[in-house]
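S.K.: sequence unknown, structure follows:
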């Protein structure tokens, strides 16, 4: 079976960035920044993005490029004989399917809101009516299923044509448009009346305010966001490492991917905080910020229908880029694990993903009585817990251990692969940090995730 490769370095960087860039950048980052003190939190987050996120991205790229396989076979190829590292591929594979089972549904919400914004449905509505609109949407399984099916069909339809003719050809221009849209939206938001206060809160660090509460909680939030935003730990980035040549060092490429991911997150803050300040809204409002607060802002803003349409188009591109690239990871893993042809795998996976998305949809309506974490929780919370609190941190821990332990792939093999090619190199003297300190940091994130849910 011939393995297709990406046609360009730009394609590799943009596709890898598209995998990392998603709702975590635009939905979760502004919310968590608003909750934990604005600019001071951003500085701590940037530190952990380099200290935690960068080595894990390099590890995933290195495993993928050295093996020339996805998570479905990469550990099998690189591990020492008689070891069991490859067993994790089944956990990562299942975790990625669970992730996309709810991610495709949330992407469908965004598609629905884009449609409504373009039609002008939010204009001339009261805040109460806009708020009720979100509740009406999630209580209606039919509209959610329609939107989820459209998103899933778009994602797998892109993958169906292959790496170059499908995934790369569609995702590259979509990512470039995404960057243009977010710059235009940020400029508009920063020009709103009274935007200066939001910019000051977002860009001027106030460490006194940051540490007036619980410093440990703030630090763990920054650590968790650094891992969450890059989509590391499930092997999704690994597949793109398997599609790239050895002309450039993977440290160099990982920095590019993280820089683009961070650019989108920072620019999202330049949209959210000035707009919230201009209209007197709390930027720490949580998930309702995206589906209730911002539509209210656009409804009250001059030219709001136009700017709201651009915003939800940007959001949909951000979500769809993740859908396409993570679907590609699932397709590649299915090919490697089950020895399927690409088109055969997609014909099986597409209906299965649609079926697996139904519990998340039903959790807001006909299965709303199922509340796994107590009153107010739902199926989505359980699925997010499985992926975000378990698969992502444990997968990140395993990949780092695999690259640094003799029983795995080993440090010498890893550092050679990471540094092969032109560009920045991962320093040899980081071995102690990556071998002993970084795993403890990831383990701390994992434990803190359980504490935050079960020991509030």
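M.R.: Sure thing, it's come through. Fair warning: this is a prediction, and the values are worked out from it, not measured in the lab. Numbers count the residues shown, from 1 in each chain.

S.K.: who are the neighbours in contact with the residue of the chain most remote from its centre?
M.R.: Relative to the mean C-alpha coordinate of the chain, counting by Cα atoms, centre = their mean, the farthest residue is residue 82 (34.2 Å). Residues in contact with residue 82 (Cβ atoms under 8 Å, 6 or more residues apart in numbering): none are found. Any C-beta I mention is one placed from the backbone N, CA and C, and that applies to glycine too.

S.K.: May I ask you to confirm that it belongs to a helix?
M.R.: No. Read with DSSP: H, G, I helix; E, B strand; the rest coil, residue 82 is coil and lies in no helix.

S.K.: Please identify the helix or strand for the closest residue to residue 107 other than its chain neighbours.
M.R.: With Cβ to Cβ, 6 or more residues apart in numbering as the criterion, residue 107 has its nearest non-adjacent residue at 4.0 Å, and that residue is residue 319. Per DSSP states H and E: residue 319 is located in helix 304-338.

S.K.: how distant is that helix from the center of its chain?
M.R.: Helix 304-338 has its C-alpha centroid displaced from the chain centroid by 10 Å (Cα atoms, centre = their mean, to the nearest Å).

S.K.: Check stretch 150-160 too.
M.R.: Distance of stretch 150-160 from the chain centroid (Cα atoms, centre = their mean) equals 18 Å.

S.K.: And the contacts of it?
M.R.: 104, 107-108, 111, 166-167, 170-171, 319-320, 323-324, 327-328, 331, 342-343, 346, 349-350, 353-354, 357.

S.K.: quick one on the thing from earlier: what packs against the helix holding residue 319?
M.R.: Where contact means 3 or more Cβ pairs under 8 Å, 6 or more residues apart in numbering; DSSP states H and E, helix 304-338 is packed against helix 9-20, helix 23, helix 88-119, helix 141-160, helix 169-190, helix 238-241, helix 294-300, helix 342-356.

S.K.: any idea of the mean pLDDT for the fifth one?
M.R.: In this case it means helix 169-190. What helix 169-190 shows for mean pLDDT is 94.

S.K.: how much does the helix or strand following it deviate in direction from helix 169-190?
M.R.: Next along the chain after helix 169-190, taking DSSP H and E as the criterion, comes helix 195-203. Angle of helix 195-203 versus helix 169-190, following axes from the mean of the first three to the mean of the last three Cα atoms, to 10 degrees, is 120 degrees.

S.K.: elements contacting helix 195-203?
M.R.: Based on contacts counted as 3+ Cβ pairs under 8 Å, 6+ apart, the elements that helix 195-203 packs against are helix 39-48, helix 250-278.

S.K.: Can you check which of those gets nearest to residue 443?
M.R.: helix 39-48 (14.5 Å; Cβ to Cβ).

S.K.: Under the pLDDT cut-off, which ranges of the stretch 1-150 of the chain? List them.
M.R.: Residue ranges of the stretch 1-150 of the chain with pLDDT under 70: 1-3.

S.K.: same thing with the stretch 251-400 of the chain?
M.R.: Ranges of the stretch 251-400 of the chain meeting pLDDT under 70: 284-287.

S.K.: Surely residue 27 touches residue 293?
M.R.: No. Using Cβ atoms under 8 Å, residue 27 is not in contact with residue 293, being 11.5 Å away.

S.K.: Residue 28 reaches residue 226, doesn't it?
M.R.: No. Checked against Cβ under 8 Å, the pair residue 28 and residue 226 is beyond contact range at 11.7 Å.

S.K.: which one of these two has more residues nearby?
M.R.: residue 226 (26 against 22; other Cβ atoms under 10 Å).

S.K.: how many other residues sit next to the residue nearest to that one when sequence neighbours are not counted?
M.R.: Nearest residue to residue 226 in three dimensions, chain neighbours excluded: residue 48, at 4.0 Å (Cβ to Cβ, 6+ apart). Using other Cβ under 10 Å, the number of residues around residue 48 comes to 21.
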